[in-house]
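Enquirer: Sharing a sequence plus its predicted fold:
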Amino acid sequence: MTSYESIYDGATNLSPSYYSPPISSYQSSVDYLGIAMDPRTANQLGELNLRLNPGVKTIEVQGTFANILESIPEQHLDEMRRISELTGTHLTLHGPLLNASGVEQQGGWSEENRIGVENQMKSAILRAHKLDPKGNIPVTFHSTANLPEFQPHIMEKGKRIQQGLWFVDEDTGQLRMLRPERRYLGEEKGEFTGEIIKFEAEKELARRNEDSWTQSISNVNHYANYGDELITRAKRILPSDAYKNIGKIDISKIKDESDRALFAQGQREISSAQIYLWDSYRNLKTFFDKAWAANKESGNEQDRKNLKDFAEFAKTRISRDIGRDPEKLEDLKEVVERGLKTLQNLNEIPKLVRPLNDFVIKKSAETFANVAESAYSKYGNTSPILSIENPPGGEGLSTGEDLKKLVLASREQLAKNLSEKGISKGQAKAVAERMIGATWDVGHINMMRKKGYSEKDVIAETKKIAPFVKHVHLSDNFGLDHTELPMGMGNVPLKPMIEEIKKAGFKGKEIIEAGNWWRYFAEKGGGNPFLPSIELMDSPIYQAMYGPTWSQMGRYGAYFSGHGPVNTPIHHNLYGAGFQNLPVELGGEIPGDRGRFAGTPNQ
């Protein structure tokens, strides 16, 4: 691979015939373009100095890996800030790849994980503010990191075909996968056509949730019924006065052996009944709590009234010794029976399991809102911006629609948090919209091509997220893998995507991410990927946005573009830098003789 550091005619650049079309068709001024540094090193200060050499005006500091971000010395952050101020360079930060929801593919979900990630993100925001204390530095966090797609699907002729659904048990944090099953008999009316019934993940999950709730209530009822049977048997065995005093009778003092055996059996029946009924009541309380929590979300007034009525009824019947005193067993049995009836007749059945997609959005929004709130309380209007990025296509929350839902949920939660701190709703909403947005990675969304997405589908996903985009990552690929090439070397439809974003009001920076360049070419003489990127994007050399462009630089070698033959005579004559103006003893030309570079040996 030839070096891009050579800028004169003698060097060879990538031939325009290498790519098709030869230019990406999207032109952007170099002022709006930036470059991401090499993410593999904690010496980001050294990287910054190297990337400034070509004159790049926006540079993204890489904290993509949490351990590398923590390894960057505080003094380096201060020095990078000073350098950016001296050179007029804008800095952005790529935060660590973390799962804001607290979900991990191997370990499931836990609140402990979520809080840990929240603290890591807060630390990244603190470091970002050191890079730019004047505020509004975009800090990019992925929506998810290395998690599978929560709603697996493919596209066929523009239609989305579901391939399954991930769901989570909120109580245990366990994740499970729902795959399409062959069904021929309809659920609702029992229709039979002999054909496979179309798989609808949400309906299937709702059916399973309803079955799970019914089964749970049934289990409570089973134990309650068994306890009731034991009480009935004890009553048949024992005289009524003996039944009431069974716990107070010393069986060892009963002289008649048959009576002693009878009383012993009755006592065993009562003890077992106490255990079964008590367990039923404890399980009933668990499901009552789930129903009450679910009612807070559904807001069903009739369900709320019935649950409240039952709670008041139970309060009058339950006492501390209810599980031990045989005389109170009838009260306990009545409480369990009424509780079961209340739970069986709910209009809104509690969701014991939830679609993982919705759950992750909810928990991630909580994390992002808490991080933003913490930053706002410290820095006010100079707080960094949380910019949530779509991960590589095929991972969790990687579509424009999912990212839009996450941004909206995060803003809503932040506005709520700020309102609870005494900030007016209008101001809280404005702060949330300013502080939380999206980083749109054009290469990542293009990877959905491997799932059957067309170019039109990719552009449509961009249109959905366009109003929320505050930052852009540029990388090219062929839609099949996480390749990061300079724009124009793959099939990412950059121009229509950027047009959609700009129509929605985007005024941010476009950061060139060329991870494959750093990995394979830079260390082998490939130099900085910024130059091939602006060549392939046909960026104008002049700020006025008219020719020549950087793609023409290598072909024309025109002097007015600042590049031309090595040591061109016109350059020296025009600016008085030729050898003829130097004294002979310092290497100048000898009057009347040939030039020092006329093809003869030096004199």
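Expert: Received, thanks.
Enquirer: Leaving out sequence neighbours, find the closest residue to the residue positioned nearest the centre of the chain.
Expert: For the chain, the residue lying nearest the average C-alpha position, counting by CA atoms, centre = their mean, turns out to be S143 (1.3 Å). The spatially closest residue to S143, leaving aside those adjacent along the chain, is L397, at 4.0 Å (CB to CB, 6 or more residues apart in numbering). (Glycine included, C-beta is placed from N, CA and C.)
Enquirer: residues near the one you found, how many?
Expert: By other CB atoms under 10 Å, the residues close to L397 number 26.
Enquirer: same question, the one 4 residues further on
Expert: When counting by other CB under 10 Å, one arrives at 12 neighbours for E401.
Enquirer: So it sits against K463, correct?
Expert: No - E401 is not in contact with K463 according to CB atoms under 8 Å; the separation is 10.4 Å.
Enquirer: Need the pLDDT of S252.
Expert: S252 carries a pLDDT score of 65 in this model.
Enquirer: nope, N573 is what I meant
Expert: Confidence at N573, expressed as pLDDT, is 56.
Enquirer: where do the helices sit along the stretch 101-250 of the chain?
Expert: Under the criterion DSSP state H, counting those that start in this stretch, the stretch 101-250 of the chain carries helices at the ranges 111-131, 201-237, 240-244.
Enquirer: which SS class is D331?
Expert: helix (DSSP: H, G, I helix; E, B strand; the rest coil).
Enquirer: Nearest residue to it in space, please, no chain neighbours.
Expert: Using CB to CB, 6+ apart and skipping the chain neighbours, the partner closest in space to D331 is R317 (4.4 Å).
Enquirer: Repeat that for K425.
Expert: Once flanking residues are discounted, K425 sits nearest to S419: 5.5 Å by CB to CB, 6+ apart.
Enquirer: what about that neighbour, how many neighbours?
Expert: Neighbouring residues of S419 were enumerated by other CB under 10 Å; the total is 16.
Enquirer: dump the residue contacts of F288.
Expert: Applying CB atoms under 8 Å, 6 or more residues apart in numbering to F288 gives the contacts 307, 310-311, 339, 343.
Enquirer: Buried among those? Make that a PyMOL selection.
Expert: Buried residues within the contacts of F288, by 16 or more other CB atoms under 10 Å, are selected in PyMOL with:
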select buried, resi 307+310+339+343
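Enquirer: Report the separation between T399 and D441.
Expert: Separation of T399 from D441 (CB to CB, to the nearest Å): 12 Å.
Enquirer: ditto for E200
Expert: In terms of CB to CB, E200 sits 31 Å off from D441.
Enquirer: Looking at these two, which has the bigger crowd around it?
Expert: D441 (26 against 13).
Enquirer: Pretty sure the more buried one sits against I388.
Expert: No - shown here, D441 and I388 do not form a contact pair, counting by CB under 8 Å, at 11.0 Å.
Enquirer: Output the lowest mean pLDDT helix or strand found in this protein.
Expert: Of all regular secondary-structure elements in the chain, judged by mean pLDDT, DSSP states H and E, the least confident is helix 569-575 with a mean of 53.
Enquirer: The contacts of F288: which two are farthest apart?
Expert: Farthest-apart pair in these is A311 and L343; separation 12.2 Å (CB to CB).
Enquirer: Now do M155, the pLDDT please.
Expert: M155 is given a pLDDT of 92.
Enquirer: Chain neighbours aside, what residue packs nearest to it?
Expert: Closest to M155 by CB to CB, 6+ apart is G452, at 3.7 Å.
Enquirer: M37 too?
Expert: Using CB to CB, 6+ apart and skipping residues adjacent in sequence, the residue nearest M37 is E47, 4.0 Å away.
Enquirer: Make sure that neighbour is actually in contact with D38.
Expert: Yes - at 5.6 Å, E47 counts as touching D38 under the criterion of CB under 8 Å.
Enquirer: anything in contact with each of the two?
Expert: Overlap of the contact sets of E47 and D38 (by CB under 8 Å, 6+ apart) consists of Q62.
Enquirer: The helix or strand where G34 lies - what's its average pLDDT?
Expert: Element membership of G34, judged by DSSP states H and E, is strand 33-36. Model confidence over strand 33-36, given as mean pLDDT, is 90.
Enquirer: Could you point out the helix or strand that follows that strand?
Expert: Heading C-terminal from strand 33-36, the first helix or strand you meet, by DSSP H and E, is helix 44-52.
Enquirer: now for the following helix or strand past that next one, which elements pack on it?
Expert: Going down the chain from helix 44-52, the next helix or strand is strand 58-62, by DSSP H and E. For strand 58-62, the helices and strands in contact under the criterion 3 or more CB pairs under 8 Å, 6 or more residues apart in numbering; DSSP states H and E are strand 33-36, helix 44-52, strand 90-94.
Enquirer: partners of strand 58-62 in the sheet?
Expert: strand 33-36 (parallel), strand 90-94 (parallel) (DSSP bridges).
Enquirer: now the ones you listed in TSV, with distance to D303 and mean neighbour count?
Expert: As requested, the strands paired with strand 58-62 are exported to TSV (distance: least, CB to CB, whole Å; neighbours: other CB atoms under 10 Å):
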stretch	distance to D303	mean neighbour count
strand 33-36	52	24
strand 90-94	47	24
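Enquirer: Now render the ones you listed as CSV, adding distance to Y281.
Expert: Output for the strands paired with strand 58-62, formatted as CSV (distance: least, CB to CB, whole Å):
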stretch, distance to Y281
strand 33-36, 60
strand 90-94, 54
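Enquirer: Nearest to Y276, out of those?
Expert: Proximity to Y276, assessed across the strands paired with strand 58-62 by CB to CB, is greatest for strand 90-94 (58.3 Å).
Enquirer: Just the angle for that closest one relative to helix 111-131, thanks.
Expert: Interaxial angle, strand 90-94 versus helix 111-131 (axes from the mean of the first three to the mean of the last three CA atoms, to 10 degrees): 170 degrees.
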